[in-house]
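*Asks:* Turn this into a structure:
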Amino acid sequence: MSLATITVPERLLLGSGPSPVPQRILDALALPTIGHLDPAFGALMDDVAAGLRATFRTTNAVAIPVSGTGSAGMEAMVANLVRPGDRVICGVHGLFGERMADELARHGATVVRVEAEWGRAIPLTALLAAAEEPFAAMFVVHAETSTGVAQPLDGLADACRAHDALLLVDCVTSLGGHPLDLDAAGVDAAFSGTQKCLNAPPGLAPFTVGERAIARIEDGRVPSWYFDLSLVLGYWLKKPDAARAYHHTAPINLIYALAEALAIVHEEGLEARWARHAVAHEALRDALGVLGLERLAPEGEQLHSLLAVRLPDGVEDAAVRVPLLTEDGIEISGGLGPLAGKIWRIGVMGEGARVEPQERLVRALGSRLGGDTAGAVAALHAGWAA
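*Replies:* Residues are numbered from 1 along each chain as shown. Here you go, the predicted structure:
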């Protein structure tokens with residue numbers, strides 16, 4: 001069926017992802033497709049790798065987009081860095097910690113779960129206590145998309161290095177929107193997704209590994225052919241006077257889009273972008289508070305790029321969220337797991353972290369909830385002006 005016969009609706013994407021895609025990124029997607037071994041594309045690959053290093057705040061030689069969504073980045077991390085029998089500490093305080101615990105178990109790791117209530121960060125003392133015994137790796141979700149919580153990383157790298165263990169991080173919803181400096185935090189490997197704060201379409205997983213992690217890959221025991229970095233890097237890391245090795249056909253046009261997204265981040269400046277997301281988060285929190293929607297994460301544990309709010313008593317999730325999408329054209333996300341039907345998850349990502357889309361959302365929710373819409377809008381603008 002041709003798209004000419006289908007109506008694709010216009011949506012304001014303010015859910016947990018994907019996020020709004022700017023026109024210049026859509027234009028990049030529409031550039032002519034060239035071959036994945038074309039020298040012109042190879043030059044673009046090098047630019048993308050440099051842009052990812054800058055955005056991850058790392059000097060790692062390996063900073064590439066894995067061909068696949070953020071979950072492919074998770075699979076690549078575990079397939080390359082975890083071996084059967086490894087003792088791996090896994091922080092679990094939401095759905096994506098649960099997913100990693102499952103992924104680790106499927107690869108034969110001995111999983112040591114360190115848990116916290118959904119909607120709270122994991123106490124660092126609990127993670128450090130689990131690290132007193134020898135272990136191979138520690139995994140934490142820096143940006144828990146299911147709850148809108150940011151996990152502190154302080155001291156984790158030192159605990160890992162004391163046992164020659166790796167620090168592994170999921171930063172799918174924080175990269176480019178919430179303060180994150182991988183080298184300063186001592187992170188050995190991290191993965192993200194293009195469809196969150198970078199505002200590119202889904203389908204690529206920004207991924208980086210440092211030298212300590214690479215040393216664990218080079219033993220030739222990676223169980224996945226597709227995600228084996230010792231093979232993939234022959235394509236992405238071209239050696240002088242040698243051709244790029246063919247591994248797979250990269251998603252050419254998605255990489256065009258990522259290149260443009262990284263250019264947008266560079267133009268704004270990473271720290272300025274982090275500051276804008278912080279302002280946008282607090283302004284929207286204040287506005288929605290007027291409508292009776294209170295943030296789930298306590299002060300100091302909030303993820304700037306995603307605002308999870310509790311539904312007021314008497315408000316049914318689908319009764320508001322469905323017409324908000326189908327009639328108002330605005331997408332927000334519902335809760336997951338134990339929070340299903342109890343919270344809404346609202347993206348504050350990239351182009352969604354601006355006053356215009358936020359005002360549209362506040363007005364629509366104010367109308368549907370029967371609240372003080374004018375007061376909520378005033379609180380939003382006051383937050384942006386502060």
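*Asks:* count of neighbours near the nearest residue to residue 276 once chain neighbours are set aside?
*Replies:* With sequence-adjacent residues excluded and distances taken as CB to CB, 6 or more residues apart in numbering, residue 276 is closest to residue 353, at 5.9 Å. C-beta here means a position set from N, CA and C on the backbone, and glycine is covered the same way. The number of residues packed near residue 353 is 27, by other CB atoms under 10 Å.
*Asks:* Check residue 168 too.
*Replies:* Based on other CB under 10 Å, the number of other residues close to residue 168 is 27.
*Asks:* quick one: it and residue 136 touch, right?
*Replies:* No - shown here, residue 168 and residue 136 do not form a contact pair, counting by CB atoms under 8 Å, at 10.2 Å.
*Asks:* can you list the weak-confidence ranges in this protein?
*Replies:* Residue ranges of the chain with pLDDT under 70: 1, 218-220.
*Asks:* Can you give the domain ranges for it?
*Replies:* By the assignment in automatic domain parsing, the chain contains the domains 23-267, 269-385.
*Asks:* Quick check: phi and psi at residue 66.
*Replies:* Reported as degrees, to the nearest 10, the phi and psi values for residue 66 are phi -70, psi 140.
*Asks:* how close does residue 78 sit to residue 170?
*Replies:* Counting by CB to CB, to the nearest Å, the gap from residue 78 to residue 170 is 11 Å.
*Asks:* again with residue 70
*Replies:* Relative to residue 170, residue 70 is positioned 8 Å away (CB to CB).
*Asks:* between those two, what contacts are shared?
*Replies:* Residues touching both residue 70 and residue 170 by CB atoms under 8 Å, 6 or more residues apart in numbering: 191-192.
*Asks:* hmm, back to that, out of residue 78 and residue 170, which sits in the more crowded spot?
*Replies:* Ranked by neighbour count (other CB under 10 Å), residue 78 and residue 170 place residue 170 first, with 27 against 24.
*Asks:* Using TSV, lay out the domains of the chain together with distance to residue 6.
*Replies:* Rendered in TSV, the data for the domains of the chain read as follows (distance: least, CB to CB, whole Å):
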stretch	distance to residue 6
domain 23-267	17
domain 269-385	16
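*Asks:* Please identify which of those is closest to residue 13.
*Replies:* Nearest of the domains of the chain to residue 13, taken as CB to CB: domain 269-385 at 5.3 Å.
*Asks:* chain center to the closest one, what's the gap?
*Replies:* Per CA atoms, centre = their mean, to the nearest Å, the displacement of domain 269-385 from the mean C-alpha position of its chain is 18 Å.
*Asks:* now the end-to-end length of it.
*Replies:* Across its full length, domain 269-385 reaches 20 Å end to end, with CA to CA, to the nearest Å as the criterion.
*Asks:* same check, this time on stretch 9-21
*Replies:* OK, stretch 9-21 end separation, CA to CA: 14 Å.
*Asks:* Give me the contacts around it.
*Replies:* 145-146, 173, 193, 195-197, 199-202, 257, 306, 325, 329-333, 345-347, 349-352, 357-358, 360-361.
*Asks:* Report the contact partners of residue 197.
*Replies:* Counting by CB under 8 Å, 6+ apart, residue 197 makes contact with 19, 173-178, 277, 305, 349-350.
*Asks:* Three-state assignment for it, please.
*Replies:* Under DSSP: H, G, I helix; E, B strand; the rest coil, the three-state class of residue 197 is coil.
*Asks:* Return the distance of the closest residue to it other than its chain neighbours relative to residue 27.
*Replies:* In this structure, residue 197 finds its nearest non-sequential neighbour in residue 177, 3.2 Å apart by CB to CB, 6+ apart. To residue 27, residue 177 is 23 Å away according to CB to CB.
*Asks:* The two: who's more crowded?
*Replies:* In this view residue 177 and residue 27 are compared by other CB under 10 Å, and residue 177 has more residues nearby, 33 against 12.
*Asks:* Surely the more buried one and residue 351 touch.
*Replies:* No - in terms of CB under 8 Å, residue 177 does not count as a neighbour of residue 351; the distance is 11.0 Å.
*Asks:* burial of the residue lying closest to residue 184 once chain neighbours are set aside, as a residue count?
*Replies:* Nearest non-adjacent residue to residue 184, counting by CB to CB, 6+ apart: residue 57, 6.9 Å away. Counted by other CB under 10 Å, the residues lying close to residue 57 total 17.
*Asks:* next one: phi and psi at residue 57?
*Replies:* Main-chain torsions, residue 57, degrees, to the nearest 10: phi 60, psi 60.
*Asks:* any chance you could map the helices in the stretch 1-150 of the chain?
*Replies:* 23-29, 39-56, 70-81, 95-106, 124-130 (DSSP state H, counting those that start in this stretch).
*Asks:* Just give the closest residue to residue 156, not the sequence neighbours.
*Replies:* For residue 156, ignoring the flanking residues on the chain, the nearest one in space by CB to CB, 6+ apart is residue 167 at 5.5 Å.
*Asks:* need the contact list for that neighbour.
*Replies:* Neighbour list for residue 167: 137-138, 140, 153, 156-157, 160, 185-189 [criterion: CB under 8 Å, 6+ apart].
*Asks:* residues contacting the closest residue to residue 309 other than its chain neighbours?
*Replies:* Spatial nearest neighbour of residue 309, excluding adjacent residues (CB to CB, 6+ apart): residue 293 at 4.0 Å. Residue 293 sits next to 309-312, 344, 365 when contact means CB under 8 Å, 6+ apart.
*Asks:* Tell me where the longest helix sits in the chain.
*Replies:* Ordering each helix of the chain by length in residues (DSSP state H) puts helix 270-290 first.
*Asks:* Can you give me the buried ones in that helix?
*Replies:* Residues of helix 270-290 classed as buried by neighbour count (16 or more other CB atoms under 10 Å): 270, 273-274, 276-288, 290.
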